[in-house]
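Colleague: Can you look at this prediction? I've put the sequence above it.
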Amino acid sequence: MRLGVGIHFWLAAFLVGLTRGELLQNGGFESTAHWDCWSITCATSNDHHEGQHSIRVTGRSEYYQGPSQNIQVTSGKSYSASAWVKLLNDHGGQWIQMEVDFQFTDDSHDYQTVAEHGNAKSSDGWVHLVGGFTAPSRALKAVRVYFQSGPSASVNYEVDAASVTEDSGSGSTGSSDTNAAIDQLRKDNINIHVTTAAGINKDDVTIRVVQTKKSFPFGSAINSWEYNANAANGKYRDFIHKHFNWAVPENALKWPIIEQHRGQKNYKLGLDMIHGVRSHGLKMRCHNLVWSVDNTIQDWVKALSGQELRNVVKQHITETMTTYQGLCEHWDVNNENLHGQFFQTQLHDQSYNLELFREANAAGSAKLFLNDYNVVASGASTSDYLAQGQQFKAANVGLDGMGVQCHFGSEQRPDPNTIKRRLDQLAQCGVPIWATELDVMSSNENTRADFYEAALTALYSHPAVEGILFWGFWDQAHWRGDKAALVKGDNLQLTEAGRRVLDLFENQWMTDETHVLSQAGNQLTVRGFHGDYQLHVMYQGRELSNLKQTFTLVKGSTKAVHLNVHL
């Protein structure tokens, strides 16, 4: 009887493993089999999170050294990854990462962090890494999963319960679901009640309902130097003014640009650009007050400590927010704080990131955002970002939203189901989400167009997402060059990606309907995207200009329009 129970238990576990499609062999580390440990020492340990053993990693000389294993994946498919890791000693704050190395048939490599945890300590015990990745849409030669921890290679660690599985529904477009979600989220009804004067032939009456301005924020990062210099004979400015309703200075408001040398401040670069953009009706995200990643901080700031550093940072935040008061709807307060904690480390105060929000909240009226990467395009930091958002919200420091950067990897096809799952997770924080720095990369224009359409549709169809901004659009002013561009060359010629994006923004996601009264009836309903509208009435091919109406369709409300057609 006991043997039969044991067999059934083993068989059930085996079948579950098959169902989940586990790609790692010996992910439970009951031995060191199937794991490569080049130039380091790996041994089984009786300390474990699951099962009976884990793998202990010692003897490292570089941060990137750790146990690794080759796996088989399919280009364009998405995968979930997880593991438990425990640090055995401390050397200051340590990050822990589960990585994947994609080797292509031309022997080039692409490295992705698929799950990570920052500022870890041995006292944390077992830390759960949870994340995922999408395999690039290129011919693959080999794919290797490995673990690393830094910045110190002298820190030893243990790994247990590692897993990589293919996501359910990975690679599908989900177009019917996303289109239905877009209709529900981004549209409401326009109810038109029509009466006609005596003698009006309804066959001769045509009603056109046309959207003139969208309310949903679509925008881009702007290169302030190019904008202020009127680059490309004004074509750069013209494209921004015509096609976007929001913008964000790419670099002009960063502290090192404003004050590279102590006391020598330049706010004019950002002010000139912002005034120019706002004069054309665009709204502004402002980026960023401080950036805690070490290599982004001026040397003179790095030399400060203690109360002097606190005073200088507070002065910068207060002065910057005062300078741009009334010009910025949003501020990113402490950029990429998941991936850099310079100020917290320098001040020996792990709660200083909360203090930065308190100071920004006291200094101005703009909405305050976190902003980070590897949270949607990759899932490496999604869980940590949710935890950070919940911490800030619970601390009541003025968190108004979470920025998700959305830098997709080279030739990485955005997977709608994976994007939705990560957004669902982040939405648990209960604050608005903005896609703040969207870009994709492909050398093929048609593939790039597909990538942008997939990402935009997934983001636009999610209820927590309240705005989407690109991190550039012109190949001559894009940090990732022509492989990410919507337009190219001195004349800003549309790429296929640009044509696809504008078709979404200005055709598919805008409303323009024409109805013949005799066919539509006197009670006409138009399902419209939120924004500003004009209603035009034509009679026998001639517009009755005195009947023209303008109105705004607001999210969550039905617009009633009354129309009496007379000559």
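Modeller: Done, it's in.
Colleague: When you work out contacts or count neighbours from here on, use the C-alpha atoms and nothing else.
Modeller: OK.
Colleague: Partner strands of the helix or strand that contains residue 532 and their direction?
Modeller: If you go by DSSP states H and E, residue 532 is part of strand 531-539. Sheet pairing for strand 531-539, assigned by DSSP bridges, gives strand 205-214 (antiparallel), strand 542-543 (antiparallel), strand 549-553 (antiparallel).
Colleague: What mean pLDDT does the second one get?
Modeller: In other words, strand 542-543. Strand 542-543 shows a mean pLDDT of 97.
Colleague: Repeat that for the first one.
Modeller: The average of the pLDDT scores along strand 205-214 is 98.
Colleague: how about low-confidence regions in this protein?
Modeller: Residues of the chain meeting the criterion pLDDT under 70: 1-20, 169-176.
Colleague: re earlier: any idea which of the strands paired with strand 531-539 gets closest to residue 348?
Modeller: Checking the strands paired with strand 531-539 against residue 348 by Cα to Cα gives strand 205-214 as the closest, at 46.6 Å.
Colleague: Now do the closest one: everything it contacts.
Modeller: Residues from elsewhere that reach strand 205-214, judged by Cα atoms under 8 Å, 6 or more residues apart in numbering: 510-518, 526, 529-540.
Colleague: same thing but at 7 Å, please
Modeller: For strand 205-214, contacts defined as Cα atoms under 7 Å, 6 or more residues apart in numbering pick out 510-517, 530-540.
Colleague: Selection in PyMOL covering whichever of those are buried, please.
Modeller: This is how PyMOL selects the buried members of these, with burial counted by 16 or more other Cα atoms under 10 Å:
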select buried, resi 510+511+512+515+516+517+530+531+532+533+534+535+536+537+538+539
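Colleague: Dump the strands paired with strand 531-539 into CSV; add distance to residue 230 and mean neighbour count as well.
Modeller: Below are those laid out as CSV (distance: least, Cα to Cα, whole Å; neighbours: other Cα atoms under 10 Å):
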stretch, distance to residue 230, mean neighbour count
strand 205-214, 25, 19
strand 542-543, 39, 13
strand 549-553, 33, 16
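Colleague: mind listing what the residue nearest to residue 455 when sequence neighbours are not counted touches?
Modeller: Nearest non-adjacent residue to residue 455, counting by Cα to Cα, 6 or more residues apart in numbering: residue 414, 5.6 Å away. Neighbour list for residue 414: 451, 454, 455 [criterion: Cα under 7 Å, 6+ apart].
Colleague: do that again at 10 Å, thanks
Modeller: Neighbouring residues of residue 414 by Cα atoms under 10 Å, 6 or more residues apart in numbering: 76-78, 134-136, 171, 173, 376-378, 406, 408, 440, 450-456, 458.
Colleague: Would it be right to say that it lies in a helix?
Modeller: No: with DSSP: H, G, I helix; E, B strand; the rest coil as the criterion, residue 414 is located in coil rather than a helix.
Colleague: where does it fall, phi/psi-wise?
Modeller: phi -60, psi 130 (degrees, to the nearest 10).
Colleague: how close does it sit to residue 392?
Modeller: Distance, residue 414 to residue 392, using Cα to Cα, to the nearest Å: 29 Å.
Colleague: what's the offset of the strand holding residue 532 from the middle of its chain?
Modeller: Relative to the chain's own centre, strand 531-539 is displaced by 36 Å; criterion: Cα atoms, centre = their mean, to the nearest Å.
Colleague: Report the backbone C-alpha coordinates of that strand in CSV.
Modeller: Listed next in CSV are the C-alpha coordinates belonging to strand 531-539 (Å, rounded to 0.1, in the frame of the first residue of the first chain):
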residue,chain,number,x,y,z
GLY,A,531,-11.4,63.3,-27.0
ASP,A,532,-12.6,66.4,-28.8
TYR,A,533,-15.2,66.2,-31.7
GLN,A,534,-16.9,68.1,-34.4
LEU,A,535,-20.3,67.2,-35.8
HIS,A,536,-21.1,68.3,-39.4
VAL,A,537,-24.4,68.1,-41.2
MET,A,538,-24.6,67.9,-45.0
TYR,A,539,-27.8,68.5,-47.0
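Colleague: the strands in the stretch 151-300 of the chain, which residues?
Modeller: Along the stretch 151-300 of the chain, counting by DSSP state E, counting those that start in this stretch, strands occupy 157-166, 187-196, 205-214, 218-222, 246-249, 283-291.
Colleague: Then the stretch 351-500 of the chain?
Modeller: 367-372, 399-404, 407-410, 433-441, 465-470, 487-488, 493-494.
Colleague: List the contacts of residue 474.
Modeller: For residue 474, the contacting residues are 222-223, 236, 239, 481-482, 484-490, 492-495, 498, by Cα under 10 Å, 6+ apart.
Colleague: Would you mind checking the residues you listed for buried ones?
Modeller: Buried members of the contacts of residue 474, counted by 16+ other Cα under 10 Å: 222-223, 236, 482, 484-488, 492, 494-495, 498.
Colleague: Looking at those, which is nearest residue 65?
Modeller: Proximity of the buried ones among the contacts of residue 474 to residue 65, judged by Cα to Cα, is greatest for residue 484, which lies at 32.1 Å.
Colleague: isn't the closest one right up against residue 472?
Modeller: Yes: because the distance of 8.5 Å satisfies Cα atoms under 10 Å, residue 484 is recorded as touching residue 472.
Colleague: hey, what's in contact with both of those two?
Modeller: Residues touching both residue 484 and residue 472 (Cα under 10 Å, 6+ apart) are 438, 439, 478.
Colleague: Now the second one: closest residue in space, sequence neighbours ignored.
Modeller: Nearest in space to residue 439, with sequence neighbours left out and distances taken as Cα to Cα, 6+ apart, is residue 407 at 5.2 Å.
Colleague: who are the neighbours in contact with that neighbour?
Modeller: Shown in contact with residue 407 (Cα under 10 Å, 6+ apart): 373-378, 435-441, 470-471, 480.
Colleague: Counting neighbours, which of the shared contacts of residue 484 and residue 472 comes out on top?
Modeller: With neighbours taken as other Cα atoms under 10 Å, the top of the shared contacts of residue 484 and residue 472 is residue 439, carrying 28 neighbours.
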